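Asks: model the structure of this input:
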Amino acid sequence: NKYKPHLTYKNADRRLELADVNDNGKWRALTLCQTWTSGGWNSIIMDKEGYFHVSSTRYDGANEDLIYLTDKDGWKSHLVSQGLSVGLENDITVDSNGKVYISHYGWNQDELLHTTNRNGNWETLILDPNAMWRQTSIAIDVNDNEYISYNGNRIIIFDVNSQTWTKRELPLTGSPNCKMILDNNDCLHLISTQGLYRQGFRSYYKDLVYVSGEDGFLPHPIKQQAKSFFNNELAYSFDNNGYDSHSSTGSISIDPNGKVHIAIICSEGFPTSDDTLIYLTNRFGEWKEFLIDRSLGCHNPEIVVDPNHNVHIAYSEDNGVNSYGYFATRKVKYVTFDPSELYLPFKLFTGLTYPPYKQPSDPNVIQNLSIEEIEEDLLAISGVTSYVRTYSIDSNMFNIPELCYKKGLNCFAGVRLCKDSSLNEQAITNALSLAQKAQYSLIAIVLGNDTVSKGELIAEQLAGYIVDLKQRISAISQKISPIPQYITTADDWSI
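Replies: All right, here's what the predicted structure looks like:
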């Protein structure tokens with residue numbers, strides 16, 4: 001059970017919720033706190049015994065308070081720090097004795113706060129009275145020394161032996177956030193963003209920077225146009241603010257071999273609103289980049305690598321902002337993969353045909369894959385080719401070109417034709433609709449699959465359908481660009 005994903009988030013009812021995977025591989029959800037507006041900021045971690053620990057904010061009608069929950073006591077809610085809006089941007093960790101440590105931000109006084117039950121009772125300490133409202137990140141080493149990153153470029157370290165805190169400033173500028181992790185050798189690794197760009201009420205930070213204690217925290221830019229805008233978190237355990245939005249830079253994880261894995265939101269058409277989920281790693285030597293999801297509105301990525309080297313990423317996706325400036329609808333998404341399946345030094349195939357069907361128990365019954373299963377397949381396919389051809393746009397296959405765009409693939413969409421002219425007319429109409437919907441990934445429409453060689457149409461009839469579709473697409477391409485102009489067929493080459 002301990003390597004199954006556990007995800008905390010604020011649900012649509014504005015309550016703290018936990019989602020995990022049962023023994024049958026199905027997701028299930030449990031509301032951890034019934035208080036309305038709980039879970040706005042939340043973090044989760046698993047201790048060495050397999051218990052989960054959660055920190056979260058809870059609104060009391062006037063201010064945010066910090067609460068703590070664990071499955072050790074059946075998810076009871078414990079008020080551990082209260083004041084004038086505390087608990088913001090919280091992060092949680094556990095030491096070797098099971099004691100809990102939480103870094104968080106106090107909004108009213110601009111304070112970096114530290115809450116722990118190290119000595120038995122819960123105590124809150126002001127670590128920096130002049131902090132900024134920024135992401136905090138906390139980690140603890142094998143000797144139970146604490147490390148907290150905040151303000152985007154500061155680290156504060158607690159030495160257990162001397163019982164003292166020491167501050168250090170990193171050579172980073174213009175960054176709002178800094179996500180930190182310790183490797184197995186207790187070496188710090190951080191990611192941050194630099195290069196401020198403002199567009200309306202949004203602030204974008206153009207470049208993703210990686211720093212490590214291995215070389216004295218020298219900044220290494222590894223990705224340009226990496227957009228920092230919204231917030232999430234994850235663990236084996238995943239914590240993810242699935243509904244409300246706050247600021248974050250991305251997420252970092254270290255695999256058992258000390259290699260770095262990063263999830264970041266990037267705007268490809270910077271500074272547009274195309275929020276794309278990007279995965280980066282140095283597992284294969286130099287830094288490699290993989291497109292995971294190109295859905296408009298990806299936010300709040302959090303990444304974890306398990307002991308089997310599998311990558312897990314949780315993130316949120318929204319459908320636009322309402323009149324109050326909040327996301328009208330947001331859903332939490334999760335993806336897992338083996339990085340070696342994504343990486344090849346070259347694309348193995350020029351293109352692949354893709355029939356999205358399950359292996360049926362009855363060979364006479366066709367069973368379609370779900371949208372989620374198709375997305376998993378396309379992510380794996382993107383590691384070996386850049387082009388996908390389908391045989392139909394019926395059922396869920398209509399969505400494949402759009403899903404290809406999200407995974408960085410180009411699509412040749414097949415359209416079935418038959419002896420029935422009314423069905424063919426509907427197929428042409430559907431193809432026209434698809435051309436407008438999936439315009440950015442649709443390379444061509446393949447009208448007819450062995451239609452002539454199977455005797456369903458004669459060549460002149462097939463040619464007529466191709467000309468008809470070309471004319472219809474030409475009419476709309478003057479209004480919408482780009483629209484695929486390439487209309488072809490697939491049949492015996494001698495026809």
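Asks: check which residues of stretch 424-444 are buried.
Replies: Buried residues in stretch 424-444, counting neighbours by 16 or more other C-beta atoms under 10 Å, are found at 424, 427-428, 430-432, 434-435, 438-439, 441-444. Where C-beta positions appear, they are placed from N, C-alpha and C, glycine not excepted.
Asks: contacts for it?
Replies: If you take C-beta atoms under 8 Å, 6 or more residues apart in numbering as the criterion, stretch 424-444 is touched by 387, 393, 398, 401-402, 404-405, 409-413, 415-418, 445, 447, 465, 468-469, 472-473, 476, 480-484, 486-488.
Asks: output the below-cut-off pLDDT ranges for the stretch 201-350 of the chain.
Replies: Counting by pLDDT under 70, the stretch 201-350 of the chain shows low-confidence ranges at 201-206, 224-249, 267-274, 296, 319-329, 344-348.
Asks: pairing partners for the residue positioned nearest the centre of the chain in the sheet, please.
Replies: Central residue of the chain (C-alpha atoms, centre = their mean): residue 315, 3.4 Å from the mean position. Beta-bridge partners for residue 315, by DSSP bridges, are residue 333.
Asks: and it, what does it touch?
Replies: Counting by C-beta under 8 Å, 6+ apart, residue 315 makes contact with 232, 240, 263, 265, 277, 293, 298-302, 332-333.
Asks: ok, it to residue 35 distance?
Replies: Using C-beta to C-beta, to the nearest Å, residue 315 is found at 25 Å from residue 35.
Asks: next: residue 48.
Replies: Note on residue 48: its distance to residue 35, by C-beta to C-beta, is 30 Å.
Asks: okay, those two: which has more neighbours?
Replies: Between residue 48 and residue 35, residue 35 has the larger neighbour count (other C-beta atoms under 10 Å), namely 17 against 10.
Asks: apart from its chain neighbours, what residue comes closest to the more buried one?
Replies: residue 58 (5.2 Å; C-beta to C-beta, 6 or more residues apart in numbering).
Asks: wait, doesn't that neighbour sit right on residue 77?
Replies: Yes. Assessed by C-beta atoms under 8 Å, residue 58 is found in contact with residue 77 at 7.5 Å.
Asks: shared neighbours, the two?
Replies: Shared contacts of residue 58 and residue 77, defined by C-beta under 8 Å, 6+ apart, comprise 33, 35, 67.
Asks: list just the nearest of those to residue 106.
Replies: Among the shared contacts of residue 58 and residue 77, residue 67 lies closest to residue 106 (C-beta to C-beta), at 15.2 Å.
Asks: what's the neighbour count on the closest one?
Replies: Residue 67 has 26 neighbours, counted by other C-beta under 10 Å.
Asks: part of a helix, is it?
Replies: No. Counting by DSSP: H, G, I helix; E, B strand; the rest coil, residue 67 is not part of a helix but strand.
Asks: who's residue 157 bridged to?
Replies: Where residue 157 sits in a bridge, its partners, by DSSP bridges, are residue 147, residue 166.
Asks: wait, what's in contact with it?
Replies: Applying C-beta under 8 Å, 6+ apart, the residues contacting residue 157 are 145, 146, 147, 148, 165, 166, 167, 168.
Asks: just curious, which of those residues is nearest to residue 252?
Replies: For the contacts of residue 157, the nearest to residue 252 is residue 147 (13.5 Å; C-beta to C-beta).
Asks: please name the residues that touch the closest one.
Replies: 138, 139, 140, 141, 155, 156, 157, 158, 180, 182, 188.
Asks: pLDDT score for it?
Replies: Residue 147 carries a pLDDT score of 96 in this model.
Asks: before we move on, the earlier item: weed out the non-buried ones from the contacts of residue 147.
Replies: Buried subset of the contacts of residue 147 (neighbour count, 16+ other C-beta under 10 Å): 138, 139, 140, 141, 155, 156, 158, 180, 182, 188.
Asks: now, the contacts of stretch 424-444 that are in strands?
Replies: Counting by DSSP state E, the part of these found in strands is 387, 410, 411, 412, 413, 415, 445, 447, 487, 488.
Asks: just the buried residues of the residues you listed.
Replies: Neighbour-count burial (16+ other C-beta under 10 Å) applied to the ones in strands among the contacts of stretch 424-444 gives 387, 410, 411, 412, 413, 415, 445, 447, 487.
Asks: can you give me the helices in this protein?
Replies: 339-342, 371-381, 400-406, 421-437, 459-477 (DSSP state H).
Asks: identify, out of the ones you listed, the most deeply packed stretch.
Replies: Highest mean neighbour count among the helices of the chain (mean count of other C-beta atoms under 10 Å): helix 400-406, with a mean of 24.
Asks: ok, now how distant is the residue nearest to the centre of the chain from residue 260?
Replies: 18 Å.
Asks: over to residue 436?
Replies: 41 Å.
Asks: ditto for residue 63
Replies: Distance check for residue 63 against residue 260: by C-beta to C-beta, it reads 38 Å.
Asks: more crowded one of these two?
Replies: Neighbour totals were compared for residue 63 and residue 260, and residue 260 leads with 21 against 17 (other C-beta under 10 Å).
Asks: OK, contacts around the closest residue to the more buried one other than its chain neighbours?
Replies: In space, and not counting its chain neighbours, residue 260 is closest to residue 282: 5.3 Å by C-beta to C-beta, 6+ apart. Going by C-beta under 8 Å, 6+ apart, residue 282 touches 259, 260, 288.
Asks: just checking, residue 210 touches residue 262?
Replies: Yes. Between residue 210 and residue 262 there is a contact at 7.4 Å, judged by C-beta under 8 Å.
Asks: turn the contacts of residue 157 into JSON lines, columns for distance to residue 492.
Replies: Listed next are these as JSON lines, based on distance: C-beta to C-beta, whole Å:
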{"residue": "145", "distance to residue 492": "72"}
{"residue": "146", "distance to residue 492": "70"}
{"residue": "147", "distance to residue 492": "67"}
{"residue": "148", "distance to residue 492": "68"}
{"residue": "165", "distance to residue 492": "77"}
{"residue": "166", "distance to residue 492": "76"}
{"residue": "167", "distance to residue 492": "74"}
{"residue": "168", "distance to residue 492": "71"}
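Asks: now that we have those residues, which one has the most neighbours?
Replies: residue 148 (25 neighbours).
Asks: quick one, strands of the stretch 1-150 of the chain?
Replies: For the stretch 1-150 of the chain, the strands defined by DSSP state E, counting those that start in this stretch cover 6-10, 16-21, 27-31, 38-46, 52-59, 64-70, 78-81, 88-94, 100-106, 111-116, 123-128, 137-140, 146-150.
Asks: got the angle for the last one vs strand 111-116?
Replies: Using axes from the mean of the first three to the mean of the last three C-alpha atoms, to 10 degrees, the interaxial angle of strand 146-150 with respect to strand 111-116 works out to 150 degrees.
Asks: export strand 146-150 as PDB, just CAs?
Replies: This file holds the C-alpha atoms of strand 146-150, laid out as PDB (Å, rounded to 0.1, in the frame of the first residue of the first chain):
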ATOM      1  CA  GLU A 146      15.900  20.900   9.400                       C
ATOM      2  CA  TYR A 147      16.200  22.900   6.100                       C
ATOM      3  CA  ILE A 148      13.500  25.400   5.000                       C
ATOM      4  CA  SER A 149      13.500  27.300   1.800                       C
ATOM      5  CA  TYR A 150      11.500  30.500   1.400                       C
END
